[in-house]
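A.B. asks: pasted the sequence and its predicted model underneath.
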Amino acid sequence: MILNLAKRRKTVRNFKPEIPPLDDILYAIKTAKEAPSGMNSQPWHFLIITDNLMKEKIKKIAESAEKIFYENSKGKLKDFLIKNKITWEKNFLNSAPYLILVFSDIRFPFSKESTWLSIGYFLLALEEKKLSTVTYTPPKPSEIGKIVNAPKFYKLEVILPVGYSNDSKKKQNRKKVDEIVSYNIL
């Protein structure tokens, strides 16, 4: 069953305006909190943003940094961005019904790794509820942290715009198991 969810899950940047039940978001967070963490510290915090003005502020900060990043991109990254029609514009930051900002508490060892494990659980729980997202890592996380009053020991790891998919594209191909597995030595 989990394999089927993982096979179905894809990145989505276009969302329907319909607002999913908050209970579905809370279900995904309840699932995420069950992830393993170093020292059982559970160093994650999920901030749910529904306010349109706050979403617009986040988008403005993200796009100003993204524009510079995209202009300076080169090689394989630039080719990937062009091929997939990904631009510095991040309309999903204010078109998705929810923005979930996930922070790691850097006071704990392995906070980043632990938080990303919980994000993985969150993604599969969203898929179970037929909700979609893109794992967006903003280039200036500390600036976004400031406008949401994040404590100085919270590091923004990812922004997850969440809603119902309005994207008919297929999931990109994954590598085969024999391409990513070795036994005993590399």
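C.D. replies: Right, received. Where do you want to start? Numbering: from 1, shown residues only.
A.B. asks: apart from its neighbours in sequence, what residue is nearest Y70?
C.D. replies: Using C-beta to C-beta, 6 or more residues apart in numbering and skipping the chain neighbours, the partner closest in space to Y70 is W88 (4.3 Å). (C-beta placed from N, C-alpha, C; glycine too.)
A.B. asks: mind checking how far stretch 24-34 is from the chain centre?
C.D. replies: Its chain's average C-alpha position is 14 Å from that of stretch 24-34, according to C-alpha atoms, centre = their mean, to the nearest Å.
A.B. asks: which of the residues in it are buried?
C.D. replies: D24, I25, Y27, A28, I29, T31, A32 (16 or more other C-beta atoms under 10 Å).
A.B. asks: my guess is the fifth one meets F46, correct?
C.D. replies: This means I29. Yes: assessed by C-beta atoms under 8 Å, I29 is found in contact with F46 at 5.1 Å.
A.B. asks: just checking, what packs against the top helix by length along the chain?
C.D. replies: For the chain, the helix with the greatest residue count under DSSP state H is helix 52-72. Using 3 or more C-beta pairs under 8 Å, 6 or more residues apart in numbering; DSSP states H and E as the contact test, the elements touching helix 52-72 are helix 92-95, helix 141-147.
A.B. asks: now those in a markdown table, with mean pLDDT, distance to V177 and mean neighbour count?
C.D. replies: Putting these into a markdown table (pLDDT from 0 to 100; distance: least, C-beta to C-beta, whole Å; neighbours: other C-beta atoms under 10 Å) gives the following:
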| stretch | mean pLDDT | distance to V177 | mean neighbour count |
| --- | --- | --- | --- |
| helix 92-95 | 96 | 31 | 20 |
| helix 141-147 | 96 | 34 | 16 |
